[in-house]
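1. Mind folding the following:
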Amino acid sequence: MVDVEKVLDEAGLKNEFVREYVAHWAEITGADRVEVVSAADDARLLKEAVDAGELEPAGDGLYYSRSYYKDTARSEERTIVATNNPADKGVYNNWRPASEMKPMLVERMTGASKGKTMYVIPYLMSPPGSPLEAYAAGVELTDSRTVVLHMIRMARVGAQYVDNLADPNHFVRAVHVTGDLENLGQGTPDDQRYFVTVADERTILHFGSSYGGNALLGKIAHGLRQACYDGWASKAFLAEQFMLLGITDKVTGEKYNICGGFPSASGKTNLAMTLAPDALGDRYVVEFYGDDIAWLWVNPDDGKVYGMNPEFGVFGVAKDTNEKTNPTALDAIQPGSGALFTNVAYNADTHEVWWEGKTKEPPADVTGWRDWKGNLISEREPGDDSPWAHPNSRFTTTLANVPNVAKDFEDPAGVRIDAIIFGGRTSDREPLVRGIKDLAEGVYDGLTLGAEATFAAEGVDGQLRYDPMSMRPFMAYGEGDYARHWIDVIGAATEQPIFAHVNWFQRDPDDGHFRWPGYRENLRALLWLIDLKNGKVSGRETPVGILPTRDELHLEGLEISDEDLDVLLTIDVERWRQEMGFREAHLKQFDRLPEEIWEAHRRVAEALEAEEA
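-> Numbering: from 1, shown residues only. Presented below is the predicted three-dimensional model:
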């Protein structure tokens, strides 16, 4: 039996509640060794991982890992929010009783780390000194060294973050046990995997994966699900799957910060990491804060909404990341950055990596190249054009590696939030941008956020797959209570952010081209929104929000046809009337939905009925 007390003494970990927790789980999991880690251990752990074959070198200071082929993405159907109160059940949170789930996870984890090291990762999901620091501390126990290396990039890691807590017992207890990945029955009725957040006990128990959000418990499980519940239980803050960026006008010196939610494949990371288009680059500077999570609260000193990215790094999707779509991301994973690549294609001879979209064509010389499953490309059957990289392949790097990361990204005070935006991939109906000044209508718009179904079979033609606030997989309590909490938190601000809905994905139905150029040009819509908030433009009122007029947009240097721009600055009233029926059915699923949301829905529906098509 490992001497846990001795290990913790040698590591200088003093928090008695943490020590008790580590000893408890060391006994359950049966780990042969216990090791407390900090960010200072990164270089040693990288060498150990390479020597053990867990990582491969992918260039100077770059590393490659391959996960088990059935363990490549988050598994929503196996992801559970458990509490002791059935009232916490929502439509999307897969709620189960804590009394049912905890014994089930303990049973699976018992003895499952025998022969392995249990790594103790004390971490903080906020800058030290943040107003929300009390909700940010956690300790993850994991039996995977690669998980440790990812966590060092994604969170602030070290014993000091749990030894100096105002309440030493107030930290998230997170346990990750990989399990026997080849014998877990993934995707079958006998699937043994479970990823459980026991939200009202601030405990996270994940079994049966070593991949991404299933294993990096500070990220989604703590940073979103647990924090979502903590924010509601405390009535103090919102934790959302939001990007966050800053825009500085070099002429006026003013800076504005915008956060927002986007469903999968709707451009969130590319927007978060965007740069000003060439024609506007002399005047505007865009800074990156985060691409995935934002915590929002009202500062009582000035009555304004503030936000921060609780993460320390970026866990980005590699697919289609290139010099055009996201040059910022490529700069963040250059040699020497310490970046980790997961499930991309890899060449063991040259230590290169590749993924679909990195270049227009894959490498012509396939010698040495292996796909994400480890199979040689050179041995493929003729005509086999299956992807070299997994569609959910990733890169992991620290925020400090992002070239345009904001200088104040670690400011514990956070940054003032001027606008909250939502955007889903829709080929018609949604204009380029529509501003919303009313709080209830802004929250209503977020609750009815959606993107087009990937295949027609997933829904009625033109119907969206709704993803409220882009939190569908992460909401930790009921949607009606969630809407109430949003109205209460943002409503407490004396100066509220403006809301907006954006859409870069309208297509011409005849030839299928995107009407808006996208990428860096998206900044133009955000600049108009800030002008609208500041009263510099007034836009055009429509039933679904305020749209820009052509002369209000910053169009210098933009290549776009008059026809496309006209369509982007109008709404299709008939399509919107159809949408309102879908929205009503969607909202009727939610218990305790605030009356303010229904009033907003009726206002929009009645205005659309009164509008001339």
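
2. Which helix or which strand is home to Asp9?
-> In the assignment (DSSP states H and E), Asp9 maps to helix 4-11.

3. where does the stretch 351-500 of the chain dip in pLDDT?
-> Within the stretch 351-500 of the chain, the ranges that satisfy pLDDT under 70 run 454-462.

4. Tell me where it has strands.
-> Listed in chain order, the strands found in the stretch 351-500 of the chain under DSSP state E, counting those that start in this stretch are 352-354, 369-370, 394-398, 415-416, 419-422, 433-436, 450-452, 464-466, 498-502.

5. Next up, identify which helix or strand Leu141 is on.
-> Assigned by DSSP H and E, Leu141 belongs to strand 137-142.

6. Could you pull out the helices in the stretch 501-613 of the chain for me?
-> 523-533, 562-568, 573-587, 595-610 (DSSP state H, counting those that start in this stretch).

7. how long is stretch 195-215 end to end?
-> 9 Å (CA to CA, to the nearest Å).

8. buried residues in that stretch?
-> For stretch 195-215, the neighbour count (16 or more other CB atoms under 10 Å) marks 195-200, 202-215 as buried. All C-beta spots, glycine's among them, are computed from the backbone N, C-alpha and C.

9. Give me the distance between the two termini of stretch 63-83.
-> 39 Å.

10. and what of stretch 543-554?
-> 24 Å.

11. cool, stretch 180-192 as well?
-> End-to-end for stretch 180-192, by CA to CA: 10 Å.

12. Contact partners for the residue lying closest to Ser386 once chain neighbours are set aside?
-> In space, and not counting its chain neighbours, Ser386 is closest to Asp371: 7.5 Å by CB to CB, 6 or more residues apart in numbering. Going by CB atoms under 8 Å, 6 or more residues apart in numbering, Asp371 touches Ala345, Ile377, Ser386, Pro387, Trp388, Ala389.

13. hmm, try it at 10 Å
-> 66, 343-346, 354, 377, 380, 384, 386-390 (CB atoms under 10 Å, 6 or more residues apart in numbering).

14. could I get those residues as TSV with neighbour count?
-> Below are the contacts of Asp371 laid out as TSV (neighbours: other CB atoms under 10 Å):
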residue	neighbour count
Arg66	21
Asn343	26
Val344	25
Ala345	26
Tyr346	24
Trp354	20
Ile377	18
Arg380	14
Asp384	10
Ser386	9
Pro387	14
Trp388	25
Ala389	24
His390	23
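
15. Farthest pair within these?
-> Farthest-apart pair in these is Arg66 and Asp384; separation 19.1 Å (CB to CB).

16. Low-confidence ranges, the chain, go.
-> In the chain (pLDDT under 70), the answer is 454-462, 613.

17. How about Gly539, nearest residue that isn't a chain neighbour?
-> Ile546 is the one closest to Gly539 (CB to CB, 6+ apart), at 3.9 Å.

18. Following element in sequence after the one helix or strand Val196 maps to, please.
-> Secondary-structure assignment from DSSP H and E places Val196 in strand 194-198. For strand 194-198, the succeeding helix or strand toward the C-terminus, using DSSP H and E, is strand 203-207.

19. which helices and strands sit right next to the helix or strand following that next one?
-> Counting by DSSP H and E, the next helix or strand C-terminal to strand 203-207 is helix 212-215. Where contact means 3 or more CB pairs under 10 Å, 6 or more residues apart in numbering; DSSP states H and E, helix 212-215 is packed against helix 145-154, strand 172-177, strand 194-198, strand 203-207.

20. now with 8 Å?
-> Helices and strands in packing contact with helix 212-215 are not found; criterion 3 or more CB pairs under 8 Å, 6 or more residues apart in numbering; DSSP states H and E.

21. So what's the residue count around Pro509?
-> 8 (other CB atoms under 10 Å).

22. what residues are up against it?
-> Residues counted as contacts of Pro509 (CB under 8 Å, 6+ apart) are Ser427, Asp428.

23. which strands and helices sit next to the strand holding Leu141?
-> Partner elements for strand 137-142 (3+ CB pairs under 8 Å, 6+ apart): helix 16-29, strand 117-124, helix 145-154, helix 160-163, strand 172-177.

24. right, and these - which one's nearest Leu529?
-> Using CB to CB, the helices and strands packed on strand 137-142 put helix 145-154 closest to Leu529, at 30.2 Å.

25. In contact with Met154, which residues are there?
-> By CB under 8 Å, 6+ apart, the contact set of Met154 is Leu216, Gly218, Lys219, Glu311, Phe312, Gly313, Phe315, Thr396.

26. most neighbours, which of those residues?
-> Leu216 (31 neighbours).

27. how near is it to Leu244?
-> Distance check for Leu216 against Leu244: by CB to CB, to the nearest Å, it reads 19 Å.

28. Look up how far Tyr306 lies from the residue nearest to Leu165 when sequence neighbours are not counted.
-> Among residues not flanking Leu165 along the chain, Ala137 sits closest, at 5.8 Å (CB to CB, 6+ apart). To Tyr306, Ala137 is 20 Å away according to CB to CB.

29. Trp354 now?
-> Trp354 is 41 Å from Tyr306, by CB to CB.

30. try Thr328
-> 24 Å.

31. same thing with Lys47?
-> 40 Å.

32. Of these two, give the one with the bigger neighbour count.
-> Neighbour totals were compared for Lys47 and Tyr306, and Tyr306 leads with 22 against 11 (other CB under 10 Å).

33. how about that one, what does it touch?
-> Tyr306 touches Leu296, Trp297, Val298, Asn299, Ala413, Gly414, Val415, Arg416, Ile417, counting by CB under 8 Å, 6+ apart.

34. Now the buried members of those residues.
-> Using 16+ other CB under 10 Å, the buried ones in the contacts of Tyr306 are Leu296, Trp297, Val298, Gly414, Val415, Arg416, Ile417.

35. Checking my notes, the first one in a helix, right?
-> Think Leu296. No. Under DSSP: H, G, I helix; E, B strand; the rest coil, Leu296 falls outside any helix and is assigned strand.

36. who's in contact with it?
-> Leu296 touches Phe237, Leu238, Ala239, Glu240, Phe242, Cys259, Val305, Tyr306, Gly307, Ile417, Val489, Ile490, counting by CB under 8 Å, 6+ apart.
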